[in-house]
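> Structure for this input, please:
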Amino acid sequence: MSLFNIFDIAGSGMSAQSVRLNVTASNLANADSVSSSSGETYKSRQPIFQAILDDAQKGYVKGSVQVVGIVENNTIGRKEYNPSHPMADKEGYIFHSNVDPMAEMANMMSASRSYQNNVEIANTSKQLLMRTLQMGK
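Just a heads-up that it's a prediction; the model follows:
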């Protein structure tokens with residue numbers, strides 16, 4: 001594996017974790033949303049990652065991470081009896097989103113740390129390449 005491939009791998013990891021952070025932010029922004037039916041209520045979303053390995057004929061493997069999709073969690077959120085709420089249905093119920101703010105915060109911290117790790121990998125690789133170039137002087 002070439003040292004230059006590390007930049008591609010770290011870059012794809014940063015891109016994937018950026019998508020994960022954006023999805024988590026969207027989930028947290030909609031955590032308190034309500035509606036008059038369970039079908040209209042915001043449902044939490046999660047990105048699906050896939051490792052891509054390209055086995056080249058030249059004797060090296062180039063890897064990356066891709067976001068292949070974003071899926072919705074189809075569990076039903078909490079149902080609350082609140083007939084005075086403007087979004088209440090004809091029986092007086094409102095439906096909350098199924099977003100778990102604590103799980104989303106843990107997800108955000110994990111994505112942030114993964115992003116930071118990829119940045120460190122890129123920085124370390126850059127330093128190693130610079131030292132290698134300086135050896136020839």
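> Give me the distance between stretch 121-137 and the centre of its chain.
Here the centre of stretch 121-137 is set off from its chain's centre by 31 Å, with C-alpha atoms, centre = their mean, to the nearest Å.
> before we move on, what about stretch 10-27?
On C-alpha atoms, centre = their mean, the centre of stretch 10-27 falls 4 Å from that of its chain.
> again with stretch 37-57
Averaging C-alpha positions (C-alpha atoms, centre = their mean) puts stretch 37-57 8 Å from its chain's average.
> now do stretch 12-28
3 Å.
> Same question for stretch 95-115.
9 Å.
> residue boundaries of the strands in the chain?
Applying DSSP state E to the chain gives strands spanning 34-35, 45-55, 61-72, 79-81, 93-96.
> Which one of those lies nearest to Ile121?
strand 61-72 (12.5 Å; C-beta to C-beta). Where C-beta positions appear, they are placed from N, C-alpha and C, glycine not excepted.
> Nearest to the spatial middle of the chain, which residue is it?
Residue closest to the average C-alpha location in the chain (C-alpha atoms, centre = their mean): Arg20, at 1.2 Å.
> I figured it hits Asn107, correct?
Yes: if you go by C-beta atoms under 8 Å, Arg20 and Asn107 touch, sitting 7.3 Å apart.
> in the lengthiest helix in the chain, what's buried?
Longest helix of the chain, by residue count under DSSP state H: helix 101-135. By 16 or more other C-beta atoms under 10 Å, the buried positions in helix 101-135 come out as 104, 107-108, 111, 114-115, 118, 121-122, 125.
> Ok, stretch 25-45 next?
The neighbour-count check on stretch 25-45 (16+ other C-beta under 10 Å) flags 26-28, 31, 34-36, 38, 41-45 as buried.
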